[in-house]
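# this one's structure only:
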């Protein structure tokens with residue numbers, strides 16, 4: 001693979017090596033939205049949506065223009081972040097309905113497990129969506145995967161974002177809550193930070209907002225600030241994103257108040273691209289934007305997987321910079337573990353790369369290209385790899401399947417036995433919208449990336465789990 005040099009201006013090696021001292025290890029705060037599009041933030045070019053707190057966060061750190069999720073749909077994306085592996089490799093193939101046999105297994109190596117072993121306090125707040133039998137002894141729960149404390153829902157906030165009733169705290173149902181989901185989640189995170197966690201330990205907090213996923217509900221005072229949003233549901237969506245921004249501002253203000261700012265690595269991102277308006281009747285409020293990218297949620301093209309990514313670590317990351325270096329949510333596990341001094345077992349089959357050397361201005365070499373697989377993606381394009389500027393997309397031979405309709409009996413063969421009939425090649429630096437297929441002009445690049453793609457696909461599916469066979 002190509003050696004990719006990180007072009008950001010970071011401080012010198014002595015800053016990085018100071019993390020070797022346990023008392024100075026960074027905290028990690030990951031904030032992830034649900035279905036937030038690449039073009040949905042003001043600092044990513046949205047012409048109408050106001051996001052002042054996220055604009056400020058970007059001005060205080062780095063705004064990534066090539067940040068990628070692990071998948072174009074929610075459950076695989078979350079499983080990838082937690083395990084550091086291609087979601088297919090751990091058996092998470094699609095979004096997980098309630099009651100589904102699909103889940104992240106207890107034996108998986110996970111980021112919160114590794115950080116907990118290294119002495120970190122770990123907390124999950126918001127949407128979980130890594131099992132079908134939520135809060136049941138029949139499947140692993142967040143605590144089984146390394147979270148000391150969890151306040152979560154299986155999937156969406158229900159019955160809507162306003163006053164949700166389906167949160168569970170450490171195995172006990174919470175009942176009715178007051179407010180909008182992102183504020184409810186932030187309030188619980190603040191409670192944990194101030195009143196629950198052991199303050200002499202570093203922490204890892206995974207904050208997973210439900211917004212702006214349907215069913216959308218937004219504060220009236222924010223909806224009224226978008227009088228020019230004249231399409232049905234548009235003002236609700238815009239206000240929903242601004243409400244997320246408001247919640248982020250509240251959480252970051254508490255980080256400052258607790259004197260945690262200078263030693264907390266904050267990452268803001270999304271699980272996948274924006275929902276489309278035409279997929280199901282209740283999506284009439286989904287007005288998310290992929291910006292200049294091709295496709296949206298459920299697409300293997302960049303609109304489904306390239307998402308906002310903003311990182312801040314004062315004194316370590318220079319403020320107000322931008323990078324087009326490709327960053328991957330699967331990079332978080334090895335990066336955080338290196339910064340935390342957490343040992344990763346040799347048996348771990350990680351697909352990301354530690355980016356910790358970037359803090360020293362050093363070259364980072366990826367041994368594997370970035371890889372995505374989603375067998376129910378829109379169209380025939382189901383698998384892709386990115387290496388440097390190049391992205392290769394693989395088209396399959398199985399015809400149309402219903403996008404995003406969840407893993408079912410009989411789907412195992414769609415994962416295990418497919419053949420790829422054609423490939424498309426794009427230069428993402430020159431063609432961010434993936435409009436010009438260059439496979440005929442660069443056969444040598446196609447041959448190299450095709451080999452890498454097929455090898456990784458075989459590896460990811462070699463021990464694929466047939467969940468319904470296992471249940472029976």
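Arrived safely. Everything numeric here is computed off the predicted structure, so don't read it as measured data.
# centroid residue for the protein?
The residue lying closest to the centre of the chain (CA atoms, centre = their mean) is residue 271, at 3.6 Å.
# give the contact list for it.
Each residue near residue 271 by CB atoms under 8 Å, 6 or more residues apart in numbering is listed here: 32-35, 69, 74, 77-78, 208, 307. The C-beta positions use only the backbone N, C-alpha and C, and glycine is treated the same way.
# how does it look with 7 Å?
Residue 271 sits next to 32, 34, 69, 74, 77-78 when contact means CB atoms under 7 Å, 6 or more residues apart in numbering.
# ok, now how distant is residue 353 from residue 393?
As for residue 353, its distance to residue 393 is 22 Å (criterion: CB to CB, to the nearest Å).
# go on, residue 364?
24 Å.
# which of these two has more neighbours?
residue 393 (28 against 17; other CB atoms under 10 Å).
# Can you check my assumption that that one lies in a strand?
Yes: counting by DSSP: H, G, I helix; E, B strand; the rest coil, residue 393 is located in a strand.
# bridging residues for it?
residue 384, residue 424 (DSSP bridges).
# Surely it and residue 380 touch.
No: with contacts counted by CB atoms under 7 Å, residue 393 stays clear of residue 380, the gap being 9.5 Å.
# In which helix or strand does residue 311 reside?
Secondary-structure assignment from DSSP states H and E places residue 311 in strand 306-312.
# by contact count, what packs against that strand?
With contacts taken as 3 or more CB pairs under 7 Å, 6 or more residues apart in numbering; DSSP states H and E, strand 306-312 sits against helix 52-59, strand 62-68, strand 264-270.
# mind giving me CSV with those and columns for distance to residue 176 and mean pLDDT?
Shown next, in CSV, are the helices and strands packed on strand 306-312 (distance: least, CB to CB, whole Å; pLDDT from 0 to 100):
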stretch, distance to residue 176, mean pLDDT
helix 52-59, 28, 98
strand 62-68, 36, 97
strand 264-270, 28, 98
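# Just send the ones you listed back as JSON lines, with distance to residue 295 too.
Putting those into JSON lines (distance: least, CB to CB, whole Å) gives the following:
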{"stretch": "helix 52-59", "distance to residue 295": "23"}
{"stretch": "strand 62-68", "distance to residue 295": "13"}
{"stretch": "strand 264-270", "distance to residue 295": "14"}
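# Quick one, which of the ones you listed gets closest to residue 456.
Closest to residue 456 of the helices and strands packed on strand 306-312 is strand 62-68 (CB to CB; 15.0 Å).
# That closest one packs against which elements?
Counting by 3+ CB pairs under 7 Å, 6+ apart, strand 62-68 packs on strand 306-312, strand 321-323, strand 327-328.
# between the longest helix along the chain and helix 52-59, how many degrees?
The longest helix of the chain (DSSP state H) is helix 234-257. Between helix 234-257 and helix 52-59, the angle comes out at 60 degrees (axes from the mean of the first three to the mean of the last three CA atoms, to 10 degrees).
# So for helix 234-257, what gets flagged as buried?
Going by neighbour count (16 or more other CB atoms under 10 Å), the buried part of helix 234-257 is 234-252, 254-255.
# Secondary structure of residue 437: a strand, I assume?
No: assessed with three-state DSSP, residue 437 is coil; it does not lie in a strand.
# separation between the nearest residue in space to it that is not next to it in sequence and residue 258?
Nearest in space to residue 437, with sequence neighbours left out and distances taken as CB to CB, 6 or more residues apart in numbering, is residue 424 at 4.7 Å. As judged by CB to CB, residue 424 and residue 258 stand 49 Å apart.
# between these two, which one's more packed in?
Counted by other CB under 10 Å, residue 424 and residue 258 do not tie: residue 424 has more neighbours, with 18 against 13.
# rewinding a little: ok, which of the helices and strands packed on strand 306-312 comes nearest residue 415?
Nearest of these to residue 415, taken as CB to CB: strand 62-68 at 21.1 Å.
# Would you mind pulling the contact partners of the closest one?
By CB under 7 Å, 6+ apart, the surrounding residues in contact with strand 62-68 are 8, 43, 269, 305-311, 317, 321-329, 370.
# what's the following helix or strand after the helix or strand of the chain with the lowest mean pLDDT?
Within the chain, confidence by mean pLDDT, DSSP states H and E is lowest for helix 13-17 among all helices and strands, at a mean of 35. Using DSSP H and E, the helix or strand that follows helix 13-17 in sequence is strand 27-33.
# Next, the angle helix 234-257 makes with that next one.
Going by the same axes, to 10 degrees, strand 27-33 makes 170 degrees with helix 234-257.
# I'd like to know which elements strand 27-33 is packed against.
strand 203-208, strand 264-270.
# mind putting those strands in a markdown table, distance to residue 124 and mean neighbour count included?
What follows is the helices and strands packed on strand 27-33, written out as a markdown table (distance: least, CB to CB, whole Å; neighbours: other CB atoms under 10 Å):
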| stretch | distance to residue 124 | mean neighbour count |
| --- | --- | --- |
| strand 203-208 | 5 | 24 |
| strand 264-270 | 15 | 24 |
